[in-house]
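Q: sequence and predicted structure below; questions after.
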Amino acid sequence: MMSESIATIKAADSAPQVKPKRPKPKSMLMLAEQSAALFENARLAKERGEKVGWSASIFPQEIAETLGLNVLYPENHAAGIAARHQADPFLQECEGPMGYSNDLCAYAKLNLAYTSVLNNESAIELPDGGKLVKPDFLLLTNNICNQLTKWYENLARQLQIPIFFIDTCYNPWDYVTESRVRYVRAQIDELIKNLCEFTNKKWDDEHFKEVMKISQRNSFLWERANNLLDRKPAPLSGFELFNYMSSMVCNRGKTSSTAILKQLNSEIEQHIADGTSTFPVAEQFRISWDGIACWPYLSHNLRTLKKYGINMVASSYGKAWAIEYDDLDGMARAYCFASTNGDNASTMIERRLEALKRFGCEGTIYHVNRSCKVMDCQMMEVQRQLAKAAGIPFTSFDGDQADYRNYSEAQFETRIQGLVEVMQQNKEDL
Amino acid sequence: MADLHTNIESLKQACQNPRAQLDKYLAEGKKVIGCFEPYTPEELVHASGMIPLGLWGGQTDLKLVKSYLPPFACPIMQANLELGLNGTYQGLSGVIIPAICDTLRCMTQNWRFGVPDIPMIPIVYPQNRASEASTDYLISEYENVLVMLATITGQMMTEKALCRTIEIYNEHNAVMREFASLAVKHLDIITPAIRHAIMKSALFFEKSEHTAIVKEINESLNALPDYKFVGKKVILTGITGEPATFLEILAKNKLAVVGDDLAQESRQFRTDIPISGGGGLKRLALQWKNRTCCSLIHELGRPRGSLLSELCQQTQADGVINCLMKFCDPEEYDQPWLEADLKKAGYPCLTVEIDPLNTSFEQLHTRIQTFAEML
């Protein structure tokens, strides 16, 4: 969930060894433009006196898009700050003067501290000049986790602004019950009405249908790009797909995302046609990555995996934004079922098993993300069942999506080494 | 009528050994359903002719659970799953787990696979209670629970039974609230640990039985002259005020508990089920809408600070102890706000980390001693 290129992060990390940089593909340049435009448009809207929102990352973005509202994404923004190694002052401020526990989600801690600066309650220097402009309203869903609800409640009180909330309800069953669909659909209707009143915008069904079509097209293109990594060897270094997630998270209903994803698909196809890959070494092993990227140590993760020729060809995380539906009821159902964090273990295992098979994975790496209890607290059971069903080994490592203090390079290296030994043995046994 | 001491002792015993309560009900030929904290529709279990038994962990060595939960998971959930895995909860006909926080979402699945011989009944309470549709949704969740309970009893619950249960639960709430106000006048007898035992024991009894015992306690207290307490008075807020050693430390430092906003105690009793407004299930759903000031229920404005200030005023408390459950993120988000609101209202607040599995209390003792001196 970030717009920074991995190439940039790598360069910052490995300063002493100056290597010639691979030129950025066109899709990445388009992505950078889109990301800059998102923040700039929000700034300009604010200047014009229009209302600007902040949104949870799997909120139905199509609603704000239909109304022509400018909306920014704190999770995406926090990931960017963490990846640029700028999180420290925010974490210190949140756990220090602001009085929050260090047990909380690091995205939330980072954003709550950033907000205190926007609200003139803190004097931390904003490394990006405050491009995440102060919101006038909040768009909330809890399909990712319940911490988002608490985090946004605090923002609402801190900034004295309203929350527009869609409670998607956890799915303990293997499908979204019809009563959930009805409840969520009713909330969508109420939310549209209330948001129109608050922002003085008018809902246009025809425009919504257009946005929905664009969103569906983007979901298709995103899924297609992900699926092209099923080629052996994969045409892309799988981590690079994380870069494009901002297109799906923040701009899912926009034609600019269609252009980026079409470009990305054609670049991948070109690699397939040429027999090339952006993965810099020979692909020895294909693995699946479970959990959010460990943004503060992305370059270390990549370097370590590259050392053994491990390419991450499947991820449980990015595909959460491939959301498919064709009407408002379908939208309600789709957003209830989008994130595996909101689904029961059977659904989670089924989706992962399908991916492991499709992409020919030889192992799985689980990121025990200290920020994310909903991911961690059922991961061990999922690991056991999945390893048995797929017949492939796994390893896990301790990390965090944004708090650099919860990671050990040595542990990551040892765990990967152990996984490689088992995967190697499996290859030899074949 | 049993005397005050005997009644208090029987409730203390139930808290110290909930397993004995389970065995007692099983011996009576009753079926028992375990209810995870903090909110489950106990009334549906009761109206289905079974006994709802609260599952709030307990001090136990964590062994088997290490294959399911990371070390930074809620200690109550760690203990509950350990006790499920090691067979301590054998005899339960099922458990109800509310997916009300991120850890509890996962607990539904860990239990399902880890303890397959005790069926898991999930419930997901609606959080957007401002939406009218949340009531119908919650009713449908209750109906799912009822269907699963019926597979255990072999019978469907009746509306008449549910209406009677609602009366029993509302009466119990009233009796518990009466106890809380009487306790303040008898702080020589109702020490922090005894107050806690009387409150917590409600989780381990069929409710009308518990009502009968607490009614007798209330009568006994009413018959005694008021006691003039000379120490300082505090309110507890949080999930639980356990383990008992924590409460003993309060007493040692001449701190009396005169009120609480604990999920295990007063949050259980402060919201009645409406006596009108529809059938039993609808009224239960309306009770959920009326619940307030709980970290696990979405609500705007962070109102806990105001509630606690009012409680301090009503009970003439000198301050508040925030019993912050270890690794409880919903409570952690409330903490800075309730501390700031209390400070603004002029009430000192001490936040202590609560770990029911803890066995070392030196640091806690020092912090409470300092707080007591400051008060």
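A: Looks like it arrived, so ask away. Please read these numbers as outputs of a predicted model, since none were measured by experiment.

Q: chain A contacts on the stretch 251-375 of chain B?
A: B:295, B:298-302, B:324, B:327, B:329-330, B:332-337, B:339-340 (Cβ under 8 Å from any Cβ of the partner chain). C-beta here means a position set from N, CA and C on the backbone, and glycine is covered the same way.

Q: please redo it, this time with the cut-off set to 10 Å
A: B:295-303, B:324, B:326-337, B:339-340, B:351, B:353 (Cβ under 10 Å from any Cβ of the partner chain).

Q: please spell out the ChimeraX selection for the buried subset of the residues you listed.
A: The following ChimeraX line selects those of those that are buried, judged by 16 or more other Cβ atoms under 10 Å in any protein chain shown:
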select /B:295,296,297,298,299,302,303,324,326,327,328,329,330,331,332,333,334,335,336,337,339,351,353
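
Q: could you pull up the mean pLDDT of stretch A:165-183?
A: Across stretch A:165-183, pLDDT averages out at 94.

Q: format the CA atom coordinates belonging to that stretch as CSV.
A: Provided in CSV are the C-alpha atoms of stretch A:165-183 (Å, rounded to 0.1, in the frame of the first residue of the first chain):
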residue,chain,number,x,y,z
PHE,A,165,-19.5,4.1,9.0
ILE,A,166,-20.3,0.8,7.3
ASP,A,167,-20.2,-2.0,9.8
THR,A,168,-19.4,-5.1,7.6
CYS,A,169,-19.4,-7.7,10.4
TYR,A,170,-17.0,-10.5,10.8
ASN,A,171,-17.9,-13.7,8.8
PRO,A,172,-17.7,-16.7,11.1
TRP,A,173,-19.5,-18.7,8.4
ASP,A,174,-18.1,-19.8,5.0
TYR,A,175,-20.3,-17.2,3.2
VAL,A,176,-21.8,-13.8,3.8
THR,A,177,-25.2,-14.4,5.4
GLU,A,178,-28.1,-12.6,3.7
SER,A,179,-28.9,-10.8,6.9
ARG,A,180,-25.4,-9.2,6.7
VAL,A,181,-26.0,-8.2,3.1
ARG,A,182,-29.3,-6.5,4.1
TYR,A,183,-27.7,-4.7,7.1
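
Q: how about the strands in the chain?
A: I'll assume chain A. In chain A, the strands defined using DSSP state E lie at A:52-55, A:70-72, A:137-141, A:163-166, A:285-290, A:310-315, A:363-369, A:394-399.

Q: that was the other one, I meant chain B.
A: Under DSSP E, chain B gives strands at B:32-36, B:51-55, B:94-98, B:120-123, B:232-238, B:255-262, B:319-325, B:349-354.

Q: might you list the low-confidence residue ranges for chain A?
A: Chain A contains residues with pLDDT under 70 at A:1-20, A:317-323.

Q: at 80 what do you get?
A: Across chain A, the ranges flagged by pLDDT under 80 are A:1-22, A:315-326, A:338-340, A:430.

Q: and if you look at the stretch 51-200 of chain B?
A: Using pLDDT under 80, the stretch 51-200 of chain B has no residue that qualifies.

Q: and stretch A:385-404, end to end?
A: 30 Å (Cα to Cα, to the nearest Å).

Q: out of the strands of chain A, which is the most enclosed?
A: When the strands of chain A are scored by mean count of other Cβ atoms under 10 Å in any protein chain shown, the highest mean neighbour count falls to strand A:310-315 (a mean of 27).

Q: direction included, what does that one pair up with?
A: strand A:285-290 (parallel) (DSSP bridges).

Q: the strand it pairs with versus strand A:363-369: what angle between them?
A: On the basis of axes from the mean of the first three to the mean of the last three Cα atoms, to 10 degrees, strand A:285-290 is oriented at 30 degrees to strand A:363-369.

Q: who touches residue B:30 in this structure?
A: B:22, B:24, B:49-51, B:93, B:206 (Cβ atoms under 10 Å, 6 or more residues apart in numbering or on different chains).

Q: my error: substitute residue A:137 in the last question.
A: Shown in contact with residue A:137 (Cβ under 10 Å, 6+ apart): A:51-55, A:64, A:69, A:71, A:156, A:159, A:161-164, A:194-195, A:198-199.

Q: and those near chain B, which?
A: Residues of those in contact with chain B (Cβ under 10 Å from any Cβ): A:156, A:162-163, A:194.

Q: just among these, which is most surrounded?
A: Per-residue neighbour counts (other Cβ atoms under 10 Å in any protein chain shown) across those peak at residue A:156, which has 20 neighbours.

Q: is it in contact with residue B:337, as I believe?
A: No. Using Cβ atoms under 10 Å, residue A:156 makes no contact with residue B:337, being 11.3 Å away.

Q: overlap in contacts of those two?
A: By Cβ under 10 Å, 6+ apart, the residues touching both residue A:156 and residue B:337 are B:301-302.

Q: circling back to that earlier point, as CSV, the strands of chain B with distance to residue B:172 would be great.
A: CSV is the format used below for the strands of chain B (distance: least, Cβ to Cβ, whole Å):
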stretch, distance to residue B:172
strand B:32-36, 15
strand B:51-55, 12
strand B:94-98, 18
strand B:120-123, 21
strand B:232-238, 21
strand B:255-262, 17
strand B:319-325, 24
strand B:349-354, 26
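
Q: could you measure from residue B:248 over to chain A?
A: According to Cβ to the nearest Cβ, to the nearest Å, residue B:248 and chain A sit 26 Å apart.

Q: excluding its backbone neighbours, what's nearest that residue?
A: residue B:193 (5.9 Å; Cβ to Cβ, 6 or more residues apart in numbering or on different chains).

Q: check contacts around the one you found.
A: Contacts of residue B:193 by Cβ under 10 Å, 6+ apart are B:12, B:15, B:241, B:243-248, B:250-251, B:257.

Q: and it, how far is that from chain A?
A: Counting by Cβ to the nearest Cβ, the gap from residue B:193 to chain A is 27 Å.
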